[in-house]
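> sequence and predicted model, in that order:
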Amino acid sequence: MDDIKIVLTPKQKAGSWLGSFGLIAILLIIFGFFSLTLRGTYFNWGNIKNMVSFSSYVGIGAIGMTFCIMTGNFDISIGSMLALAGVLGASAALKLGGIVGVIVTIVVAALLGLLNGLFVTKLKIPAFITTLGMLFIFRALAYIYTNNNPQYITDRFWIFLGNGSFLGLPFPIFIMGLCYLIAFFMLRKAPFGRYILAVGTNSRAASLSGINVENVKILVFTLIGVFVGVSAVLNGSMLGAANPGMMGDGYEFQVITAVVLGGTALAGGSGSLGGTLLAALIVVFLKTGMSNAQVNSYWQQVATGVVLIVAVSLNKLKFWLLGQAQ
Amino acid sequence: MDENNIFIELKNIKKIFPGVVALEDVDFDVKYGEVHALVGENGAGKSTLIKILGGAYQPDGGEIIIEGKTANISATSMAQQYKIAVIYQEFNLVPDLSVAENIFIGREPKVGKTFVNWKKINNDASEILKKLDIEINPKKFISDLSVAEKQMIEIAKSLSMDAKLIIMDEPTATLTEKEVIKLFSIIEELRKKGVSIIYISHRLDEAFKLSDRITVLRDGKKIETKITSETNQNEIVSLMVGKVVKDYFSEKKQKTSDEVIMEVKNYNIADSIYDMNFQLHRGEILGFAGVLGSGIHHLLRSLYGGEQIASGEIYFENQKVSIKKPSDAIKLGIGYVTEDRKGEGLLYDMSVLQNLSIIIIKTLTAFKGLFIRQKKELDVFNAMAKELDIKYASVNQRIIYLSGGNQQKVIMGRTLVSDCKVLILLEPTRGIDVGAKAEIHKIMTALAEKGISIIMTSSELPELVNLTDRCIVLYKGKLAAEFNRENMDEEKLVAAEIGKHIYSNN
Amino acid sequence: MVKFLKLYEKIGIFILIVAASIFLAIVSPNFRNMDTILSIIMQGSYGAIIAFGMTFAITSGGFDLSVEAVMGLTSVIIAMLIPSLGFAGSIIIAVLASCFVGFLNGILITKVGISPLITTLSMQVILRGASLIITNGRQVVISQKSFMSIGASKAFGFLPMPIIYMAVLFAIFYIILNQTTFGRHVAASGSNEQAAKMSGLNISLIKTVVYILVAFSASIVGVIRTSQTLIGIPTMAPGFTLNVLTIAILGGTSLAGGRGNLIGTLFAGIFISMIYYGLNLLNVQIFYQMLAVGITLLFALFIDGLRMKYLETAKIKGIRV
């Protein structure tokens, strides 16, 4: 081992700091701010539990999206995917019970993801616009299948998943924890995670290293489906229904915000699941705080849009400071 | 116009890149109406010089004097203002616009201040094309033109800007014989008009046909400028090559075995390789030499499954095999190290450890390929790092922080850990400093001695001469010459590379 | 294959329209009368006009997902300002505001370097929110009925005004794209940005103006629609962006950039309208229209993908996110 010292310039040090601690700092600042201004209504254990629980909606879906963006791709159809899987699963549950319903939801979502993956890789159509088209097709199918009627979810098992508690914590927290554990494992400990990184960093080098780039991409799109399916299950459970029009409305935007804010580069390559999780929490903590403070929901919407632009700009700033090639 | 009729003069030009001195103390001048050829081996500094003249790079030392005044070509647009036009190998044309629009892009004749004056732009374009005796309809789209025609348009573009100096970088590399003749007549026309031309080419016979003077670059220095009529090709070749003996190579190794490990027959790649045949022996270091357009890279990529072949057979260990994608090659035991480290080799966001293990990562797992065994991965890495003497601060540091030489070792290590029997190395020491070069040469020799066969290419001929057991030279996609270690030297290689078959197989 | 694709590029959309016309004429007696045909064309004009702007954006190598929100913004500004500024005043302010939005898009894309996807997607969300803020979530009724004449009156007694607007805007955009140096430079930026830059073109300026044009075209349709319904709707035309993109790509403008086909766009707009008409005949729910547009988009992308594969030279244009 040679003594090669890596000396970071002040700019690089700032960039590195921004990456590692920035998110935690932002979360704490937001939490602190609303706790101080709203006091008891915000700063109580029950609220915190709920906020973390709600963040599973965006948080779980964002796992698949993190992988997707890491490979340099994009999927804007996830909101409609959520809805279609949700209504199909819910209607299955009405006839065959909750367990079947949950499975159907996840499987359908996975298949939809697979479809996206096939279109993007085999037909070589750019991911964002393909999935934009699918966004409408999935949504239309959801409407058509249900005749625009919400599918109610009454099965006890399914209801429990989103609303029940275990050891004092809302159940979704466990599911989210489990999903993230699996995802961490896949990314860090399994060869597949290396392949994702390689394809996203330099797909030509990945191909020359014997990796089947197309298969990796298809699998990633399918994974998006799986995680979106799980989110659909929880979401349907919390709402008590799968509504073809409203379910998943604006979902893709929230998920993308979480992934980008979490530090994953849009150009592909480096990604951070931990960042995504923190970002999902940030978004929910912020939203809850604003709602409790009775901020006009329309202003909230504007803020949501601004947050994404700021998040991307911060990401660019971080990379520029670190002097890394984009 | 000063008395010597010099348009542009470069004095003491210096250009440094991290770790490499690209140009040093280069003096150079071009007269009005002169065709000045610039020759040198790959890596001699020609393209750096062009980029400086074109405003893409700025010199780190020295000065440029144009028409008697000091010039500062700080950007590509400045080069235009100085009436310098560069025709790069990969043209700067807009495919979806017409010929006339491309010629006058940014300076279109207008009706009022906004509307394109189609009549005038097409007429003006026709005029310029006529002056150059080019028969292309100015309304045609660039995307419909052939490579040769695009080149003509680039020249027409330069002329429309009243360029006084046109620099052509390897203009004939992709042209047919007929198109080359046409190009030459256009160059003649330009010369008559007093336009200066810097002509860069590996093809010395062209340089001798066209130029008034020839300047030779070698290792970033200007060696000599000769008046063309007062010299000959042999003299130029020896100036390009130099008498300097580079002695940082390792000892010549023992004789290779006679066992043929790989054979290629009747090999054809569309537009690149024609009827290629060769054999590779176990433990042999086989070199390939050739200039731009020789097809070497296509050939070697295809052996790894990176490119499609039109026809032909590959035999590996006496079995006919089909290599359609890299994983096929990897399964056979063929490894590949690209010449384009940054574009195709480095997984730059990943760590040193991850870069090394990526090909075999699936084998370093437990539970049927699900769970990476970190200790196993680390052991494999340490073993290879020791063997190749890779210097790094930590296994987890990003590979981009390593020096070029160590990066190259990691990429080589990547293929070596997959137990390859044949290693294809493209430009193994490009962009690497002298010390690291020697180490890599040592590694290559050691590998060959262990029985691993190596196919390599290099634009640094001394490397080929000193390292390889055999060297095959390709010219325009065909086998031009084959040399054994005993009868190989740089001059013969260069000669064969540029198509002079004076030294044939012996 | 290359021949087929080149042919498709030239007359594909015409053939589609002719085929659809014949089919509809046979199947629906109503189709054969002038009023119906004019109505179909008018319905198509809304998407077509915005698609003219979108064609510019795609030709420059980008695209704009915020157009439906610009429509909404225009709508609410007009509705809120008519009482105090009258027709002309409120329209001018609304259009100017939209152009400013386009300017912002352009700056974010060219100077900050955020991709068109993220920029316009975020802008969409921001504008919707802003529109809702302006009207406090309501739809605002316009009481001056004469405002309706802008979008709903008929010239010469039978020709709906939107068709005239479409024709005029078509002419203007066509001239800009094909006859002005600016338009040619837009094509150059999308065709080979590197070469365009090296030739001294100001890419930032060119692209910013393009995004202003897109917002402008969306704003015009916002004016027309608001006039027709006499309501300022903050959430106007949800999902319309997909329509517009489909029209532009179906009409032959390639996502690869550099090749804007406004004539194709015009006819594609009418064709999509014919699809809607046909679906209406089948009495299906409105959701089938969504499905149809989505499938048509995929089809158009598939053809475009084939074109990129077979007609482009070795240069690969990556459409990066």
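Okay, I see it.
> run a quick neighbour tally on the spatially closest residue to B:Gly33 that is not a sequence neighbour.
Residue nearest to B:Gly33 in three dimensions, not counting chain neighbours: B:Gly194, with 4.4 Å by Cβ to Cβ, 6 or more residues apart in numbering or on different chains. In short, each C-beta sits where N, CA and C put it, glycine included. For B:Gly194, the count of nearby residues is 14 (other Cβ atoms under 10 Å in any protein chain shown).
> ok, B:Gly194 - contacts?
B:32-33, B:164 (Cβ atoms under 8 Å, 6 or more residues apart in numbering or on different chains).
> nearest to chain A among these?
B:Lys164 (37.1 Å; Cβ to the nearest Cβ).
> of the contacts of B:Gly194, which belong to strands?
Of the contacts of B:Gly194, none are assigned to strands by DSSP state E.
> related to what we said a few turns ago, wait, a helix at the residue nearest to B:Gly33?
No. B:Gly194 is assigned coil when assessed by DSSP: H, G, I helix; E, B strand; the rest coil, not a helix.
> and it, backbone torsions?
Note on B:Gly194: backbone dihedrals following degrees, to the nearest 10 are phi 90, psi 10.
> could you dump stretch A:261-272 to PDB, C-alpha only?
C-alpha atoms of stretch A:261-272 as PDB (Å, rounded to 0.1, in the frame of the first residue of the first chain):
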ATOM      1  CA  LEU A 261     -33.500  14.900  -3.100                       C
ATOM      2  CA  GLY A 262     -31.900  11.800  -1.600                       C
ATOM      3  CA  GLY A 263     -28.900  12.300  -3.700                       C
ATOM      4  CA  THR A 264     -29.200   9.900  -6.500                       C
ATOM      5  CA  ALA A 265     -27.800  11.300  -9.700                       C
ATOM      6  CA  LEU A 266     -30.200  11.600 -12.600                       C
ATOM      7  CA  ALA A 267     -27.400  10.700 -15.000                       C
ATOM      8  CA  GLY A 268     -27.100   7.300 -13.500                       C
ATOM      9  CA  GLY A 269     -24.400   5.700 -11.400                       C
ATOM     10  CA  SER A 270     -24.200   6.600  -7.800                       C
ATOM     11  CA  GLY A 271     -27.300   6.200  -5.800                       C
ATOM     12  CA  SER A 272     -28.200   6.300  -2.200                       C
END
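> and that stretch, how far from the chain's centre?
13 Å (Cα atoms, centre = their mean, to the nearest Å).
> do the same with stretch C:65-82
Worked out by Cα atoms, centre = their mean, stretch C:65-82 lies 15 Å from the chain centre.
> just to revisit the earlier point, any chance of the contacts of B:Gly194 in a markdown table, plus pLDDT?
Converted to a markdown table, the contacts of B:Gly194 look like this (pLDDT from 0 to 100):
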| residue | pLDDT |
| --- | --- |
| B:Tyr32 | 90 |
| B:Gly33 | 89 |
| B:Lys164 | 90 |
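> quick one: buried ones out of these?
By neighbour count, with 16 or more other Cβ atoms under 10 Å in any protein chain shown, those hold B:32-33, B:164 as buried.
> give me the nearest residue to the closest residue to chain B within the stretch 201-321 of chain C, chain neighbours excluded.
Closest approach between the stretch 201-321 of chain C and chain B, counting by Cβ to the nearest Cβ: C:Gly258, at 3.5 Å. Spatially, and ignoring its direct neighbours in sequence, C:Gly258 is nearest to C:Ser191 (2.8 Å; Cβ to Cβ, 6+ apart).
> that neighbour contacts C:Gly257, correct?
Yes. The pair C:Ser191 and C:Gly257 qualifies as a contact (Cβ atoms under 8 Å) at a distance of 6.0 Å.
> residue contacts, the residue nearest the centre of chain A?
Against the mean C-alpha coordinate of chain A, by Cα atoms, centre = their mean, the closest residue is A:Ala62 at 1.2 Å. Contact analysis of A:Ala62 by Cβ under 8 Å, 6+ apart lists A:255, A:258-259, A:262, A:276-277, A:279-280.
> mind picking the two most distant members of the residues you listed?
Spatial extent of the contacts of A:Ala62 (Cβ to Cβ) is set by the pair A:Val255 and A:Leu277 at 12.5 Å.
> these two: which is more packed in?
A:Val255 (35 against 25).
> give me the contact list for the helix or strand hosting B:Val494.
Using DSSP states H and E, B:Val494 sits within helix B:490-497. By Cβ under 8 Å, 6+ apart, the residues outside helix B:490-497 that reach it are B:41, B:202, B:237-238, B:240-241, B:289-291, B:294, B:461-462, B:464-465, B:471, B:473, B:475, B:480-481, B:483, B:502-503.
> those in helices, which ones?
B:237-238, B:240-241, B:461-462, B:464-465 (DSSP state H).
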